[in-house]
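Visitor: Sequence below, structure please.
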Amino acid sequence: MARSLLVGAEIACPTNAGAATSFGAATVVRLVNTGTTPHKITILEEQSGNGIGSMTLPGGSVEYVEKRSSYVIFSADAEVLGTRVGFTG
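Guide: Below you'll find the predicted structure:
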């Protein structure tokens with residue numbers, strides 16, 4: 001069974017492209033939608049940069065996103081929290 005290694009503090013995702021975060025140059029980010037409604041998350045090359053991809057997190061869901069360390073993430077709502085993680089065993 002894979003486990004998550006916490007490597008950073010959990011924070012609310014920024015809600016605009018200009019404030020998007022790399023979560024401390026993370027290559028894997030654990031995202032959780034603490035709300036009950038779906039919220040879109042977007043990955044960019046850099047703050048306010050070109051979009052790499054996006055997806056919708058259903059309410060109450062958890063997703064692990066793998067990305068380049070320089071890429072940044074923002075969400076449509078601050079109910080989405082993220083933290084830098086690694087995988088163990």
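Visitor: got the contact list for the lowest-mean-pLDDT helix or strand in the chain?
Guide: None of the helices or strands of the chain scores lower by mean pLDDT, DSSP states H and E than strand 3-6, at a mean of 84. Identification of contacts with strand 3-6 by Cβ atoms under 8 Å, 6 or more residues apart in numbering yields 30, 64, 83-89. C-beta coordinates here come from the backbone N, C-alpha and C atoms, glycine included.
Visitor: Single out whichever of those has the smallest pLDDT.
Guide: Least confident of those in the model: Gly89, at 61.
Visitor: if we can go back for a sec, what's the closest of the contacts of strand 3-6 to Gly8?
Guide: Nearest to Gly8 out of the contacts of strand 3-6 is Arg84 (Cβ to Cβ; 3.6 Å).
Visitor: who's the closest one bridged to?
Guide: Val29 (DSSP bridges).
Visitor: who's in contact with it?
Guide: 6-8, 23-24, 26, 28-29.
Visitor: I'd like those laid out as TSV, including neighbour count.
Guide: Shown next, in TSV, are those (neighbours: other Cβ atoms under 10 Å):
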residue	neighbour count
Leu6	11
Val7	15
Gly8	15
Phe23	27
Gly24	13
Ala26	23
Val28	18
Val29	24
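Visitor: Pick out whichever of those sits closest to Lys40.
Guide: When the contacts of Arg84 are compared for distance to Lys40 (Cβ to Cβ), Val29 wins out at 15.2 Å.
Visitor: I figured Cys13 was touching Val65, is that so?
Guide: No: Cys13 is not in contact with Val65 according to Cβ atoms under 8 Å; the separation is 11.0 Å.
Visitor: okay, and the common contacts of the two?
Guide: Taking Cβ under 8 Å, 6+ apart as the contact definition, Cys13 and Val65 share the neighbouring residues 31, 41, 73.
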